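*Asks:* One predicted model, sequence on top.
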Amino acid sequence: MRIDKYLWCVRYYKTRNMVTEACKKNHVTVNGQVAKPSKEVFPTDKITFRKDQITQIITVLDIPENRVGAKLVDIYRRNDTPAEAYQHLELLKLSKEHYRKNGTGRPTKKDRRDIDEFGNEIKDDDNVD
């Protein structure tokens, strides 16, 4: 089965076109070699691809006939991605939300003054020494 069809069948990408784009950008490798969308995959192949700021590593266990349901995906692949990668993604999400919540827009005048005041305090502390 082609790599683009396989990754689509096991639900890592929403469309085959998205997988094709990822292959063209050299984000997908099979057994350590950059894969074109037409690259054939076989059981025991290791597929590495970058998606959502995580380098996913999966091992092909079996080839599905066509796209499978989410509950059946584990029959066809084994996820070898280290747990640290998922923890790193959670930290990225938390760091983005730390300063400003999503949807609150641009900083207000008061926010800007607070930022400037904070910067001035740091400069004053450096000059005291």
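*Replies:* Arrived safely, thanks for sending. Numbers count the residues shown, from 1 in each chain.
*Asks:* right, and Asp52 touches Glu90 too?
*Replies:* No. Counting by Cβ atoms under 8 Å, Asp52 does not reach Glu90; the two are 11.9 Å apart. Just so you know, the C-beta spots here come from the backbone N, C-alpha and C atoms, and that holds for glycine as well.
*Asks:* and the gap between the nearest residue to Asn26 once chain neighbours are set aside and Ala22?
*Replies:* Nearest residue to Asn26, sequence neighbours excluded (Cβ to Cβ, 6 or more residues apart in numbering): Val34, at 5.0 Å. Using Cβ to Cβ, to the nearest Å, Val34 is found at 11 Å from Ala22.
*Asks:* how about the residue nearest to Asn26, phi and psi?
*Replies:* phi -60, psi 130 (degrees, to the nearest 10).
*Asks:* What mean pLDDT does stretch 84-104 get?
*Replies:* Mean per-residue pLDDT for stretch 84-104: 74.
*Asks:* neighbours of Asp4, just the number please.
*Replies:* 25 (other Cβ atoms under 10 Å).
*Asks:* Output the host helix or strand of it as PDB, nothing but the C-alphas.
*Replies:* Assigned by DSSP states H and E, Asp4 belongs to helix 3-9. Below are the C-alpha coordinates for helix 3-9, written out as PDB (Å, rounded to 0.1, in the frame of the first residue of the first chain):
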ATOM      1  CA  ILE A   3       2.500   5.600   2.200                       C
ATOM      2  CA  ASP A   4      -0.100   8.400   1.600                       C
ATOM      3  CA  LYS A   5      -2.900   6.000   1.600                       C
ATOM      4  CA  TYR A   6      -1.700   4.100   4.600                       C
ATOM      5  CA  LEU A   7      -1.300   7.300   6.800                       C
ATOM      6  CA  TRP A   8      -4.800   8.300   5.700                       C
ATOM      7  CA  CYS A   9      -6.300   4.900   6.400                       C
END
